[in-house]
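>>> Dropping a prediction and its sequence here:
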Amino acid sequence: LSAEQISVELQSRTSVSEIQEFIDQISGFYSLIHRLENKVVAAVDHIRSIPLYYSTDGDIISDNPREIVDEVTPPLFDPVLEGEYLLTGYVTGRETLCPTVHTVEAGEMVIIDNNGGINLEQTVEYCPKTSHKIDETAEAEAKQNLKQAIVHAVDRLCTVAADRPIYILLSGGHDSKLVLSELVRQEYDPVVAISFGKADFDDVTESQRIAEQLNVKRKYVEYTEDSWPDWFQSKTREQYCERRHNMDLFPVHWAGPALSELKSRNELPEDAVFVSGQTIGSIGEHLPSQDQVQTYNELIDYILEKHYKLWGRDPELSDQMRDRIDQNCSALKANGDFESTSDLIQIYAYWEWKERQSKWMSQDGSLYSHLGYDWWFPLFDKEVMKAWGELPVSSRKGKSAL
C-alpha cells in the first residue's frame, strides 16, 4: 500500500480495535497517526523504522521531537539518560533525553484521549522460542519456513520497487549477499550494488567478488582521510544531523559520504529504492551462551558489558545502567520463571529487538529518506521476524540459519 492508500484505509476505521485489525494485516514499514472521534492513535511498525514522538502531557505527536520541545518546555536533559546515550548511542525504553518527550516503541500503539490521557498497547512483539534444540524434522521445517519468508519478503521488495532501480548496499557479509542473490534469482532488473570504504578492506574486495559472480553492476566509493572531513563539514551532513538527531539516537553516518558522492556525480537516479542487509538475525550474533547467563543478574551484567561500552563508566554509572536494563526487561521478568536459562536468553533477544534493533540497527532509512530516496528492509520483514523467532536458539545463535 502507498501512503495515500493507507490513509484511505484508515478513514474507514472508527475504533482502536479496527486500527489494530488493520495493523495485523500489513507487513511493511510505516508509522501512522489517525484521529478518531474522541482520541488520537499513533503507531509504528515492528522495528520502529519511522519514529514517532509525543509529549508526556498528551498535547503533541510528531515525527520530530524538537518540534515538541519547542512547544512544551525548554529541554532539561536527564543525566542518567545522557549517560546511556553516550554509552550505547541510543536511549532505551520510551524515554528520550528530554523528560517531556517520549517515543512510540517498536510495535507499539499510543492512544491519547481528548483530555491528554495516554494508553499504550503492544501491536507486534518478537517473542522467540525458548528451546535450545528441537527434533530434526521440526528444525528442518522451521528453516524451510524461514527460507520461504525471505523469498516472500524479497518478492514484496520487488512489488514495492515496481520496476524502479534497486540499489543494495553490499558488504562482504552474508546478509546483503543473501538479499542480492534472491533478487537475482527472482530476475529483478535493474539491481545495482554499492560498496564503500578503503580499497583494501575485506568488505570492499569481497563485495566486488560477489557482484562479479552474480553479474551485477557495482558502484564503489573509496573512503579516504579527506572524504570523511569533507562529508562532516558539508551542508548535507549538517542538515541531516539537525533533522535526524532525535534525542534518543545518534544519526547514522556510515553510507553518507558514499551516497553524497554518487549523488553529486549524478550516478543515483531519483527513483532509486535503497536496500541494506540489516536483519533481525543480527540478534543471533550477540545471544549469550547458557554458561554466561545462568541468573537474571548475570543477564543484566551481560547486556551491560555487551552494549554499554562506547565510553568508560564508573561504578555509580554502571549501577544506574543496570537499573535501566532491569527496567526495560521487567515486563518479561514479571511474567516468567527465570530458573530456566532458555527464558533468560529469550529475554535477551526481546531486549535487543526492542532496544538496539529498533533504535540503532533499523535507522539506515533515515539517511536514505533525507537524501530523497525510498527504501526497504527485506530481512526485517515481519514475516521474516516471526519465522526467525520460531527457530531454536542453536539455529539463531551466530546467525547460523542464514
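Arrived safely.
>>> tell me the contacts of residue 41?
Contacts were defined as C-beta atoms under 8 Å, 6 or more residues apart in numbering; by that measure residue 41 touches 16, 19, 32-35, 109-112. For glycine as for every other residue, the C-beta is placed from the backbone atoms N, C-alpha and C.
>>> try residue 157
Applying C-beta under 8 Å, 6+ apart as the definition, the contact partners of residue 157 turn out to be 166, 179, 183, 273, 275, 376, 378.
>>> could you say which helix or strand contains residue 102?
Assigning secondary structure by DSSP states H and E places residue 102 in strand 101-103.
>>> same check, this time on residue 301
Since the elements are taken from DSSP H and E, residue 301 ends up inside helix 296-307.
>>> which regions of the stretch 1-150 of the chain sit below the pLDDT cut-off?
Applying pLDDT under 70 to the predicted model, the residue ranges of the stretch 1-150 of the chain that meet it are 71-75, 132.
>>> show me where it has helices.
Listed from the start of the chain, the stretch 1-150 of the chain has helices (DSSP state H, counting those that start in this stretch) covering 3-11, 16-25, 65-71, 79-88, 136-161.
>>> Over to the stretch 151-300 of the chain?
Counting by DSSP H, counting those that start in this stretch, the stretch 151-300 of the chain has these helices, from start to end: 174-185, 202-214, 227-232, 235-244, 256-264, 296-307.
>>> okay if I get those as a markdown table plus distance to residue 105, mean pLDDT and mean neighbour count?
Below are the helices of the stretch 151-300 of the chain laid out as a markdown table (distance: least, C-beta to C-beta, whole Å; pLDDT from 0 to 100; neighbours: other C-beta atoms under 10 Å):
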| stretch | distance to residue 105 | mean pLDDT | mean neighbour count |
| --- | --- | --- | --- |
| helix 174-185 | 24 | 96 | 20 |
| helix 202-214 | 32 | 94 | 16 |
| helix 227-232 | 31 | 86 | 14 |
| helix 235-244 | 18 | 87 | 14 |
| helix 256-264 | 27 | 92 | 20 |
| helix 296-307 | 17 | 95 | 18 |
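>>> From residue 279, how far out is the residue nearest the centre of the chain?
Nearest to the mean C-alpha position of the chain, by C-alpha atoms, centre = their mean, lies residue 362 at 2.4 Å. Between residue 362 and residue 279 the distance, using C-beta to C-beta, to the nearest Å, works out to 10 Å.
>>> same question, residue 15
Residue 15 is 35 Å from residue 279, where distance means C-beta to C-beta.
>>> So which of these two has more stuff around it?
Set side by side, residue 15 and residue 279 give different neighbour counts by other C-beta atoms under 10 Å, the larger being at residue 279 (28 against 12).
>>> How much space separates the more buried one from residue 154?
Shown here: residue 279 relative to residue 154, a distance of 12 Å by C-beta to C-beta.
>>> Now do the contacts for the residue nearest to the centre of the chain.
With contacts defined as C-beta under 8 Å, 6+ apart, residue 362 is in contact with 47-49, 278, 377, 380.
>>> what's the answer for residue 146, then?
Neighbour list for residue 146: 384, 387-388, 390-391, 401 [criterion: C-beta under 8 Å, 6+ apart].
>>> From residue 390, how far off is it?
Applying C-beta to C-beta to residue 146 and residue 390 gives a distance of 8 Å.
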